[in-house]
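[1] coords below, sequence missing:
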């Protein structure tokens, strides 16, 4: 029993130990191969549906800041990498010289206004002197206006006469038509012997009288129209007389040579006012340029300006980098055809390891 037992223990123990080590090695190898296959398959699937590149950089709009005028810097309100808002003051120039120019322009404008006022007063005095010369011409204007009114009344009467003559013509034409029908009917009856000749002749006479009345009415319209045209000619002549009289009034009012001279002086003064006003606006605008402000919100960069520096127009002072950033990424031609605008992208920035930013393809 012991031998048997011993034999059985040897048989069981030795093969079991060998089988266990081999199984572990095989299973481990299979697991590693399966894991590698799974990872490789997933990586193959990922590369088939995704495109990537590490040739990319972040960029944004850069707004160079310069001065529109020459000046001396007296204050700088920002520094490199500082965030600024749109309209925030960046640099200030010495405004004294430009303030003096504004004061000079204001004085020139006031002087031009005084000259214009004096010329206008002289014009008024000369106009009063010439007013006496216009009285007679204005009387002629009044007569012409009265003549126009009288002629207009004649036109109205002529128009009424045309209407009355038209009514008479309409009535005569209707009478003529009726008598014509009666005459034609009686003529037929006479030809058949139904009525005597006298009755037919009476109808003919009535028809001929109606024709004469129609012609008289037509002539009456011609006469009425002639009166109307005559009245129109009268009103046209009256209006011509009015225009002539008004022209004489204007000539009388402008008869004084001094008035013309004064008006020219006034016009020249008005031109000086316009020029002085333009100069003042330009001086005020230049004064406003002594304060340089941010055109957009962003961050300060490339600052080279210093307090006390004498700067010239368009000289670079600093830059404002706007906040609207984007990424320029370079892909192979074989990759570009697989991407479309609007598709989502994952962005990894070296400065922020482990963090994924979300974006979309713009173009």
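    Here it is on my side, so go on. A quick note: this is a predicted structure, and the numbers were derived from the prediction, not measured.
[2] what residue ranges in the protein are flagged as low confidence?
    Applying pLDDT under 70 to the chain picks out residues 1-31, 33-49, 126-130, 132-133, 252-258.
[3] Could you rerun that using 50?
    1-19 (pLDDT under 50).
[4] Strands of that one, start to end?
    Per DSSP state E, the chain carries strands over the ranges 56-59, 62-66, 71-76, 83-84, 89-93, 291-293, 298-301, 310-311, 316-322, 326-329, 344-348, 356-360.
[5] okay, those strands in TSV with mean neighbour count and distance to residue 179 next?
    Heads up, the C-betas are built off the backbone N, CA and C, glycines and all. Formatted as TSV, the strands of the chain follow (neighbours: other C-beta atoms under 10 Å; distance: least, C-beta to C-beta, whole Å):
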stretch	mean neighbour count	distance to residue 179
strand 56-59	11	105
strand 62-66	15	100
strand 71-76	17	107
strand 83-84	14	105
strand 89-93	20	104
strand 291-293	18	100
strand 298-301	18	103
strand 310-311	16	109
strand 316-322	19	100
strand 326-329	12	101
strand 344-348	12	102
strand 356-360	10	99
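[6] Tabulate those strands (TSV), appending distance to residue 272.
    Output for the strands of the chain, formatted as TSV (distance: least, C-beta to C-beta, whole Å):
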stretch	distance to residue 272
strand 56-59	54
strand 62-66	35
strand 71-76	29
strand 83-84	43
strand 89-93	31
strand 291-293	31
strand 298-301	46
strand 310-311	34
strand 316-322	38
strand 326-329	55
strand 344-348	65
strand 356-360	62
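[7] Tell me which of the ones you listed approaches residue 140 most closely.
    strand 291-293 (65.9 Å; C-beta to C-beta).
[8] That closest one pairs with which strands, parallel or anti?
    strand 89-93 (antiparallel) (DSSP bridges).
[9] returning to that earlier point: out of the strands of the chain, nearest to residue 161?
    Comparing the strands of the chain by C-beta to C-beta, strand 291-293 comes nearest, at 81.3 Å.
[10] which residues touch the closest one?
    Here strand 291-293 makes contact (C-beta atoms under 8 Å, 6 or more residues apart in numbering) with 65, 67, 87, 88, 89, 90, 91, 92, 93, 317.
[11] mind checking the longest helix of the protein?
    Looking across the chain with DSSP state H, the single longest helix is helix 96-191.
[12] count of neighbours near residue 203?
    22 (other C-beta atoms under 10 Å).
[13] Distance check, it against residue 181.
    10 Å (C-beta to C-beta, to the nearest Å).
[14] picking that back up, looking at the strands of the chain, which is closest to residue 265?
    strand 71-76 (39.6 Å).
[15] Check which helices and strands the closest one sits against.
    Packing partners of strand 71-76 (3 or more C-beta pairs under 8 Å, 6 or more residues apart in numbering; DSSP states H and E): strand 89-93, strand 310-311.
[16] partners of it in the sheet?
    strand 89-93 (antiparallel), strand 310-311 (antiparallel).
[17] before we move on, the earlier item: of all the strands of the chain, which one comes closest to residue 163?
    strand 291-293 (78.3 Å).
[18] re earlier: looking at the strands of the chain, spot the one closest to residue 158.
    It is, among those and with distance given as C-beta to C-beta, strand 291-293, at 77.1 Å.
[19] chain center to the closest one, what's the gap?
    30 Å (C-alpha atoms, centre = their mean, to the nearest Å).
[20] Kindly report the same for stretch 214-229.
    59 Å.
[21] phi, psi of the spatially most central residue of the chain?
    Note on the chain: the residue nearest the mean C-alpha position is residue 295, at 24.4 Å, using C-alpha atoms, centre = their mean. Here is the backbone geometry of residue 295 (degrees, to the nearest 10): phi -70, psi -30.
[22] ok, now how distant is it from residue 143?
    From residue 295 to residue 143 the distance is 71 Å (C-beta to C-beta).
[23] Next, count neighbours for residue 118.
    Residue 118 has 14 nearby residues by other C-beta under 10 Å.
[24] In contact with it, which residues are there?
    Per C-beta under 8 Å, 6+ apart, neighbours of residue 118: residue 269.
[25] just to revisit the earlier point, the longest helix of the chain relative to strand 71-76, how many degrees between them?
    Interaxial angle, helix 96-191 versus strand 71-76 (axes from the mean of the first three to the mean of the last three C-alpha atoms, to 10 degrees): 100 degrees.
[26] gap between helix 96-191 and the chain center?
    39 Å.
[27] do you know how far residue 214 is from residue 173?
    6 Å.
[28] typo on my end, it should be residue 184
    17 Å.
[29] Neighbour count: these two, which is higher?
    When residue 184 and residue 173 are compared for neighbours, residue 173 comes out ahead with 16 against 12, by other C-beta under 10 Å.
[30] Just confirm that one contacts residue 216, I think it does.
    No. The pair residue 173 / residue 216 is not scored as a contact, 11.7 Å apart, by C-beta atoms under 8 Å.
[31] contacting residues for the residue nearest to residue 138 when sequence neighbours are not counted?
    With C-beta to C-beta, 6 or more residues apart in numbering as the criterion, residue 138 has its nearest non-adjacent residue at 5.6 Å, and that residue is residue 249. Shown in contact with residue 249 (C-beta under 8 Å, 6+ apart): 134, 137, 138, 141.
[32] got a list of what the last one touches?
    Listed by C-beta under 8 Å, 6+ apart, the contact set of residue 141 reads 242, 245, 246, 249.
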